[in-house]
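K.L.:
Sequence and predicted structure, then a few things I'm wondering about:
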There are 2 protein chains.
Amino acid sequence: MASPPPVDLLDQVLELAVLINQDMTGSLAQRGLTPARTHLLWELAHRGPSTQRDLAEALRVSARNVTGLVDGLEATGFVTRAAHPGDRRATLVTLTAQGEREMKRMRDEHVQFADALFKDMPQARRAALAAGLGHVLDRLRTLIAQQASP
Amino acid sequence: MASPPPVDLLDQVLELAVLINQDMTGSLAQRGLTPARTHLLWELAHRGPSTQRDLAEALRVSARNVTGLVDGLEATGFVTRAAHPGDRRATLVTLTAQGEREMKRMRDEHVQFADALFKDMPQARRAALAAGLGHVLDRLRTLIAQQASP
DNA sequence: TATTGTTATACTCTATAACTATA
DNA sequence: TATAGTTATAGAGTATAACAATA
């Protein structure tokens, strides 16, 4: 089996990233969601009701941006704003029933999507792929850490 | 070696996609470029001087959007607009010397980045990774084609 | 009449800075 | 004085629709 040059491997990974991204963005759009708003919903589902300040830190985004994202999600019925019981400056953002439903559906579809991509892959190749991806992820994290510090 | 469940594989791929995307976006920003503008430069480098209409089709984006992208690239010195010799309605967008230099540098760095990620990977694992990625890309293309037609 | 690119308008994501209400 | 969130302002990417110049 010929060993492909690094550039070809990188190009494969990039193409995969582009296709997956397009596929997911399209699915979200059908439900009236965008990647940024979905990211916020995802955090909310993991953390439970949160202040906008906490969401801004979790998403690594400005407070102003969170105001806009919550505005959009509130208008489309995925979240509500409520008074914070202990701090009258703060707002608690909470998933609505619709928001909970969407998150559940998203989790289910995530699993289905993974099955569709990998279920017919032989066990040995699956393990080899995981090992290869792990290697690349390690290298990439190292590179990013080096860029950040010096 | 245990075979990982599909969801774990998908999550690995998604994390890789996110990290690579962040890395590339950061590199581009240091040169005053954005992903969308870079995409246009890339097409231009491959096709040679092109009308905005052709660029819009190549990028699968509205004509209005190309006007904006070319405005930005012109203002930052990467491209120029010139009269089309045979059609006075049309504009020919052309890479400047600076634009050509940037594209060359980008190609070089692309290769270097690939080397940094994959050079220390054993040949056998490299081949296995390419095979695994090929499998996923095939499945994904099939899924997308199915979504598009029915 | 059809096509090329622009102006007009609008929505989303993103940021910083100034400001209000509260701690 | 510091913090939570908003308004004000700005730039980038995206879209559709109307319009001018040209084919």
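P.N.:
Yep, that arrived. Since we're looking at a predicted model, the values are computed, not measured. Numbering: from 1, shown residues only, chains lettered A, B, ... in the order given.

K.L.:
What is the neighbour count of A:Val70?
P.N.:
Neighbour count of A:Val70, defined by other CB atoms under 10 Å in any protein chain shown: 21. Every residue, glycine included, has its C-beta placed from N, CA and C.

K.L.:
excluding its backbone neighbours, what's nearest the residue in chain A that DNA strand C sits nearest to?
P.N.:
Nearest residue of chain A to DNA strand C: A:Thr34, at 2.8 Å (CB to the nearest atom of the strand). Leaving out its chain neighbours, the residue that sits closest to A:Thr34 by CB to CB, 6 or more residues apart in numbering or on different chains is A:Leu28, at 6.4 Å.

K.L.:
that older thread, tell me the contacts of the residue of chain A closest to DNA strand C?
P.N.:
A:Thr25, A:Leu28, A:Gly72 (CB atoms under 8 Å, 6 or more residues apart in numbering or on different chains).

K.L.:
Out of those residues, which end up buried?
P.N.:
A:Leu28, A:Gly72 (16 or more other CB atoms under 10 Å in any protein chain shown).

K.L.:
Nearest to chain B, out of the contacts of A:Thr34: which one, please.
P.N.:
Set against chain B, the nearest of those by CB to the nearest CB is A:Thr25 (12.3 Å).

K.L.:
tell me which element that closest one falls in.
P.N.:
Per DSSP states H and E: A:Thr25 is located in helix A:6-30.

K.L.:
What is the helix or strand that that helix is followed by packed up against?
P.N.:
Per DSSP H and E, the first helix or strand lying C-terminal to helix A:6-30 is helix A:35-47. Judged by 3 or more CB pairs under 8 Å, 6 or more residues apart in numbering or on different chains; DSSP states H and E, the packing partners of helix A:35-47 are helix A:6-30, helix A:52-59, helix A:63-75, strand A:91-95, helix A:97-118.
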